[in-house]
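Q: Have a look at this fold, sequence not included:
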């Protein structure tokens, strides 16, 4: 049995690598004899997240291009569409080689079913064309689904969603399910849409961590760059110039409350650069109680880092999921609806904090350790849901 697992497995945002590790671990527990390999949906090498800075140097002509894109929406849309359709052939060749001899493909984790500048729709469509040609069945496992879609992106994904080779559709929250149904319009999906939690819930089992009660006051603050936020939620408070004020106030208030602060990121170089700017902008008197954590270089390093905290306040979704999976209370900073959707799913919607209300955040943080206990029964149920959908997919071989 040869299984191919697809996702953003080599993303510099190491939360995606955690997803891949956890999903692979859970499937291998279900089918120990399976030969499982992974591939990055964007053709990044597996060594990509070990790089200290995965950003490419911008050439002079590219600078002009980016400058025009910022000023002209029409130019941007024309460029996006031309680039997208030119890439289909390239990605078909990539997937054609990967699908040789594969029995089932697991498309797992992250916000993969999203327009994203037509980037993911094109890659998934190229994969679908090759999977159809080779008659390779596939399944979506615990994916997030975006709400805003271009016309051609929607058309491409509708073809994928109606494929008879699609074994199962499992999305990670209620909002993703509603978005998935919305994409299909009046088309009837041939599969039931299940809600299955993110595979990163399996962190403790995947990486071999035991739960430890922590009495110290180590608070991890997970920073995200306004540049990243502006790509997805341009109107959000954290996408604006005054986001620096927010982060510095959060850190200063937390130090005043008696916490030892660690500023960390999920590994994205853009986030890490911003974290350094935040730290450097703090008054010297506060830097004594604040540690700027070096960029984690692998998914395991990210998990070890988060496991070392007693409390977490973070913007990146998977910093929150990893924390809760290890029974570390966390507050999610809502810059994207997926953060709120996660906290709704785990029954702690009060801990999804709107970042323009920092006074509320200070109150939540003060009571976090005593009021936000992880529900062990809920955690076990979440893991069972993921295993159930994997068993359904695995049953195809019989």
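A: Happy to help now that I have it. Because the structure is a prediction, the values reported are computed rather than measured.

Q: residues near residue 391, how many?
A: Residues near residue 391, counting by other Cβ atoms under 10 Å, number 12. In short, each C-beta sits where N, CA and C put it, glycine included.

Q: Now it. Nearest residue, chain neighbours left out?
A: Counting by Cβ to Cβ, 6 or more residues apart in numbering, residue 391 lies nearest to residue 30, which is 5.9 Å off, once chain neighbours are set aside.

Q: just checking, that neighbour touches residue 394?
A: Yes - taking contacts as Cβ atoms under 8 Å, residue 30 lies within contact range of residue 394: 5.8 Å.

Q: residues in contact with residue 222?
A: Applying Cβ atoms under 8 Å, 6 or more residues apart in numbering to residue 222 gives the contacts 264-266, 312-316, 319.

Q: Below-threshold pLDDT in the chain: ranges please.
A: Residue ranges of the chain with pLDDT under 70: 44-72, 186-191, 211-216, 358, 369-380, 382, 397-398.

Q: Could you list the domains of it?
A: With domains defined by automatic domain parsing, the chain comprises 2-204+380-397, 211-373.

Q: remind me, longest helix of this structure?
A: Secondary structure of the chain per DSSP state H: the longest helix is helix 73-98.

Q: follow-up on the earlier one: turn the contacts of residue 222 into TSV, including neighbour count and secondary structure.
A: Listed next are the contacts of residue 222 as TSV, based on neighbours: other Cβ atoms under 10 Å; DSSP: H, G, I helix; E, B strand; the rest coil:
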residue	neighbour count	secondary structure
264	28	strand
265	31	coil
266	30	coil
312	25	strand
313	29	strand
314	26	strand
315	27	coil
316	27	coil
319	30	helix
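
Q: From those residues, pick the one nearest residue 256.
A: residue 313 (14.7 Å; Cβ to Cβ).

Q: ok, now which ones touch the residue most central in space within the chain?
A: Closest residue to the average C-alpha location of the chain: residue 110 at 4.2 Å, with Cα atoms, centre = their mean. Listed by Cβ under 8 Å, 6+ apart, the contact set of residue 110 reads 7-8, 15-16, 19, 143-144.

Q: Is it part of a helix or strand, or is it coil?
A: coil (DSSP: H, G, I helix; E, B strand; the rest coil).

Q: Next, work out how far apart it and residue 210 are.
A: 27 Å (Cβ to Cβ, to the nearest Å).

Q: Can you report how many residues lie near residue 294?
A: When neighbours are defined as other Cβ under 10 Å, residue 294 has 12 of them.

Q: Kindly provide the distance from it to residue 232.
A: Distance from residue 294 to residue 232, by Cβ to Cβ: 26 Å.

Q: mind listing the strands for the protein?
A: Using DSSP state E, the strands of the chain run over 2-7, 35-40, 104-108, 138-143, 166-171, 193-195, 218-222, 260-264, 290-292, 311-314, 330-334, 352-354.

Q: Single out the most deeply packed of those.
A: strand 138-143 (a mean of 27; mean count of other Cβ atoms under 10 Å).

Q: so who does the nearest residue to residue 360 once chain neighbours are set aside touch?
A: Once flanking residues are discounted, residue 360 sits nearest to residue 353: 6.2 Å by Cβ to Cβ, 6+ apart. Residue 353 makes contacts with 331-334, 360-361, 364, as judged by Cβ under 8 Å, 6+ apart.

Q: and if you look at residue 123?
A: 41-42, 87, 91.

Q: same thing but 7 Å
A: Residues counted as contacts of residue 123 (Cβ atoms under 7 Å, 6 or more residues apart in numbering) are 41-42, 91.

Q: any idea which of the residues you listed is closest to residue 73?
A: If you rank these by distance to residue 73 using Cβ to Cβ, residue 42 comes first, at 24.5 Å.

Q: What is the burial count for residue 317?
A: Neighbours of residue 317 under the rule other Cβ under 10 Å: 25.

Q: from what I can see it touches residue 342, true?
A: Yes - here residue 317 reaches residue 342: they are 6.1 Å apart, a contact under Cβ atoms under 7 Å.

Q: Identify whichever of the strands of the chain lies nearest to residue 77.
A: Among the strands of the chain, strand 138-143 sits nearest to residue 77 (Cβ to Cβ), with 25.4 Å.

Q: If you count contacts, what does the closest one end up packed against?
A: Strand 138-143 is packed against strand 104-108, strand 166-171, helix 376-394, with contacts defined by 3 or more Cβ pairs under 7 Å, 6 or more residues apart in numbering; DSSP states H and E.

Q: wait, which of these is closest to residue 271?
A: For residue 271, the closest of the helices and strands packed on strand 138-143 is strand 104-108, at 23.1 Å, according to Cβ to Cβ.

Q: hmm, who's touching the closest one?
A: Applying Cβ under 7 Å, 6+ apart, the external contacts of strand 104-108 come out as 3-7, 19, 23, 27, 131, 136-143, 199, 393, 396.

Q: how about a cut-off of 8 Å?
A: 1, 3-7, 19-20, 23, 27, 99, 124, 127, 131, 136-143, 167, 199, 390, 393-394, 396-397.

Q: Stretch 285-298 too?
A: Contacts to stretch 285-298, defined as Cβ under 8 Å, 6+ apart, come from residues 14, 17, 49-50, 52, 251-252, 255, 259-267, 269, 272, 275-276, 279, 282, 302, 305.

Q: Now, of the residues you listed, which are buried?
A: Using 16 or more other Cβ atoms under 10 Å as the burial test, the contacts of stretch 285-298 include 14, 17, 49, 251-252, 255, 259-267, 269, 272, 275, 279, 282, 302, 305 as buried.

Q: ok, residue 256 to residue 173 distance?
A: Distance from residue 256 to residue 173, by Cβ to Cβ: 35 Å.

Q: Neighbours of residue 234, how many?
A: If you count neighbours by other Cβ under 10 Å, residue 234 ends up with 10.
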